[in-house]
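A.B. asks: got a predicted structure here, sequence first:
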Amino acid sequence: MVEWVSGNIFIRPMKFEKAGNKINGHKHNFDHTTIVFKGAVHVKALTPDGRVIERDFAAPAHFLVKAEVEHEITATADGTEAWCVYSHRTAQGDVVQDYTGWERAYG
């Protein structure tokens with residue numbers, strides 16, 4: 001799916017055709033919010049201090065993923081759709097209102 005800038009946020013859509021489809025474990029440099037619009041997901045997270053946290057979210061729902069937390073997102077319903085939403089940031093990590101082109105803010 002296509003990612004895009006919308007005003008002061010960056011949006012990364014995710015679409016899971018079947019229950020069991022997943023986004024493998026990964027982490028980001030900064031906090032971001034994930035919004036579940038349709039269907040449901042199971043999130044498994046590993047915190048930097050080694051704790052494992054698992055939660056389920058059914059649409060409509062949202063959850064915050066903290067910076068440096070490894071997380072895996074698995075659809076638990078067919079046709080699940082969710083968006084990850086990021087603040088724009090400078091290379092120094094400051095939140096800004098306008099897109100800077102610094103892609104590491106979203107990775």
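C.D. replies: Happy to help now that I have it.

A.B. asks: for this protein, which residue is closest to the average position?
C.D. replies: Geometric centre of the chain, nearest residue: Cys84, 3.7 Å, by CA atoms, centre = their mean.

A.B. asks: counting contacts, what elements does the helix or strand in which that residue is found pack onto?
C.D. replies: Taking DSSP states H and E as the definition, one finds Cys84 inside strand 80-89. Applying 3 or more CB pairs under 8 Å, 6 or more residues apart in numbering; DSSP states H and E, we find strand 80-89 packed against strand 9-16, strand 32-38, strand 40-46, strand 95-96. To be clear about C-beta, it is placed using only N, CA and C from the backbone, and glycine gets the same treatment.

A.B. asks: nearest to Tyr106, out of the ones you listed?
C.D. replies: strand 9-16 (5.1 Å; CB to CB).

A.B. asks: may I ask you to confirm that Gln97 is in contact with Thr90?
C.D. replies: No - between Gln97 and Thr90 there is no contact under CB atoms under 8 Å: 11.2 Å.
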